[in-house]
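Engineer: need a structure here:
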Amino acid sequence: MSSLLFCGEASGNSFCCYLMGMGFINIIGGIAITLKLRLNFICLFIITLFALTSCGNRNEEDPYYYNSPQTQATATFTSLQNSVFNSSCIQCHQQMGSYSGVRNYITPGNPQTSSLYQAVASGQMPRNNYRLSNSQINSISKWIQSGAPNN
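Structural biologist: Numbering: from 1, shown residues only. Presented below is the predicted three-dimensional model:
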């Protein structure tokens, strides 16, 4: 097996490099790293980065959603009644057709303790395997958070 030795100095550090049949070996300060080992580390690093960035929950609420002008404009009782309650709730819960009926299921200013929000956010309601979209759930949360005004 033939090998070639290079020695030199760079930035005040002496080094020796061997070119061998199995790969390039760089020896600096007593540490030897083969080209194959470097490639393995690079591949492992890239795979780890990909795995970490691809992990996540796609059902997470978008923090930018609450601050968008569209959400602020649509978080009204009338818009929720037209877009959510009439199409998804009134068939079984007739009281959801009026503000006073909905008011019994909310804690103004606190969506987390409102039974209406808990039921739709958990997927418990509406029934029949139909889940509200994240946009609809966020609109309900925003409306409750703003004090659940009758507007």
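
Engineer: pLDDT of stretch 132-151, averaged?
Structural biologist: In this model, stretch 132-151 has an average pLDDT of 88.

Engineer: Show me what counts as buried in that stretch.
Structural biologist: Neighbour counts over stretch 132-151 (16 or more other C-beta atoms under 10 Å) mark 132, 136, 137, 138, 139, 140, 141, 142, 143, 144, 145, 148 as buried. Every residue, glycine included, has its C-beta placed from N, CA and C.

Engineer: Determine the longest helix present in this structure.
Structural biologist: Ranked by residue count and defined by DSSP state H, the top helix of the chain is helix 35-54.

Engineer: mind giving me a markdown table with the buried residues of stretch 132-151 and columns for secondary structure and distance to residue 43?
Structural biologist: Formatted as a markdown table, the buried residues of stretch 132-151 follow (DSSP: H, G, I helix; E, B strand; the rest coil; distance: C-beta to C-beta, whole Å):
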| residue | secondary structure | distance to residue 43 |
| --- | --- | --- |
| 132 | coil | 43 |
| 136 | helix | 43 |
| 137 | helix | 41 |
| 138 | helix | 40 |
| 139 | helix | 45 |
| 140 | helix | 46 |
| 141 | helix | 43 |
| 142 | helix | 45 |
| 143 | helix | 49 |
| 144 | helix | 49 |
| 145 | helix | 47 |
| 148 | coil | 54 |
